[in-house]
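Asker: output the structure for:
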Amino acid sequence: MTHKIAIVGLGKIARDQHLPSIAKNPDFELAAIVSRNAELESVDHFQALDDMLAARPDIGTVALCTPPQVRRQYAEAAIRAGRHVLLEKPPGATVAEVEWLKNLAAKHGVTLFATWHSRYAQGVEPARTWLAGKTIKSVDIVWREDVRRWHPGQDWIWEPGGMGVFDPGINALSILSHMLPAPVLVTGAVLEVPENRQTPIAAKIDFVAVTGHLVTADFDWRQEGPQTWDITVRTDAGLLELSSGGAVLRIDGDTQLAADDTEYDGIYAHFAALLAQGKSDVDIAPLQLVADACMLGEMRKVEAFIE
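Answerer: Residues are numbered from 1 along each chain as shown. Just a heads-up that it's a prediction; the model follows:
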């Protein structure tokens, strides 16, 4: 069965990732775009989601690629209209609203998929398999990139609900919470917030696992040049390194895998499987870790001004 799908929010992530993956997947047909500022040639276009829902009852699935601050209201409208919903990460502005959407989707009998695209990097599942049954000694995360490169002119990321540096950092936490055999707990954080903004530009976070080992995370949005997306796990059986956001896997320095970026292809393959099974997939663990880091975090104002 081919599912007609509408994309809501035609920004950078939709153009760079969602459109190519939808085009490659025979289970989906791009049927409409909902956007106030952009449209695609030969694709039905609507200014508002409510207009699309009313005019196109044949479109049964919706991919929400809007900023997280407005995602709940759009998801609610689509769910109440009986449409299946894919949520770009992070799935919402708060943990509670994502749980609320999960319950609403169950009530209306539709699929809700809260995506964590970094989990579909090709090194993540082999890393998870290798770590199973091993004793973990420590985990170090370094996730540093250039905000101007990845979010040019996007003011929403600096506003409440936009998450600041946790917008990329949550990708690392999504891998961490999926890959480790035991859950972790935030024990402390230091968040650096620009004087003219409301969300952090950098964060250092400490965690402890229920098995006792420590985890550290270093997130920074001020790195120029090569970008850094690394997770290093020390175990009783050797050193595991995930780099390039999970695309490269090394064990004790030996490269086990170096793959291309196919994360969103994996997302849409899983979405098709969920639709076929009539199931939802809503994991709030990465978002909960961000919420806890913000709750426990020591806020430090920094002189950097973001234009």
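
Asker: residue boundaries of the strands in the stretch 201-307 of the chain?
Answerer: Assigned strands in the stretch 201-307 of the chain, in chain order: 202-209, 214-220, 228-235, 238-243, 248-251, 254-258, 297-302 (criterion: DSSP state E, counting those that start in this stretch).

Asker: can you list these in TSV and add mean pLDDT and mean neighbour count?
Answerer: Glycine gets a C-beta too; all of them are placed from N, C-alpha and C. Shown next, in TSV, are the strands of the stretch 201-307 of the chain (pLDDT from 0 to 100; neighbours: other Cβ atoms under 10 Å):
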stretch	mean pLDDT	mean neighbour count
strand 202-209	97	20
strand 214-220	98	20
strand 228-235	98	19
strand 238-243	98	19
strand 248-251	98	20
strand 254-258	95	13
strand 297-302	88	13
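
Asker: which of these sits closest to G164?
Answerer: Smallest distance to G164 across the strands of the stretch 201-307 of the chain (Cβ to Cβ): 8.2 Å, for strand 202-209.

Asker: what is the closest one packed up against?
Answerer: strand 184-194, strand 214-220, helix 285-296, strand 297-302 (3 or more Cβ pairs under 8 Å, 6 or more residues apart in numbering; DSSP states H and E).

Asker: in this structure, which residue is closest to the centre?
Answerer: Per Cα atoms, centre = their mean, the C-alpha nearest to the average position across the chain is that of K89, at 3.2 Å.

Asker: what sits against that one?
Answerer: Residues near K89 by Cβ atoms under 8 Å, 6 or more residues apart in numbering: 114-117, 170-171, 174, 286.

Asker: quick check, nearest of the residues you listed to T187?
Answerer: For the contacts of K89, the nearest to T187 is P286 (17.0 Å; Cβ to Cβ).

Asker: I figured the closest one hits S174, correct?
Answerer: Yes - between P286 and S174 a contact is recorded at 4.2 Å, counting by Cβ atoms under 8 Å.

Asker: which residues are common contacts for these two?
Answerer: 89, 116.

Asker: kindly export stretch 216-232 (C-alpha atoms) in PDB.
Answerer: C-alpha atoms of stretch 216-232 as PDB (Å, rounded to 0.1, in the frame of the first residue of the first chain):
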ATOM      1  CA  THR A 216      29.900  13.100  30.400                       C
ATOM      2  CA  ALA A 217      28.500  15.200  27.500                       C
ATOM      3  CA  ASP A 218      30.100  18.300  26.000                       C
ATOM      4  CA  PHE A 219      27.800  20.200  23.600                       C
ATOM      5  CA  ASP A 220      28.900  23.400  21.900                       C
ATOM      6  CA  TRP A 221      27.400  25.400  19.000                       C
ATOM      7  CA  ARG A 222      30.500  27.600  18.400                       C
ATOM      8  CA  GLN A 223      32.700  25.200  16.600                       C
ATOM      9  CA  GLU A 224      33.900  26.300  13.200                       C
ATOM     10  CA  GLY A 225      35.600  24.100  10.600                       C
ATOM     11  CA  PRO A 226      35.200  20.300  10.900                       C
ATOM     12  CA  GLN A 227      32.200  19.300  13.000                       C
ATOM     13  CA  THR A 228      32.500  16.800  15.900                       C
ATOM     14  CA  TRP A 229      29.900  14.200  16.700                       C
ATOM     15  CA  ASP A 230      31.700  11.500  18.800                       C
ATOM     16  CA  ILE A 231      30.800   9.000  21.500                       C
ATOM     17  CA  THR A 232      33.500   7.000  23.200                       C
END
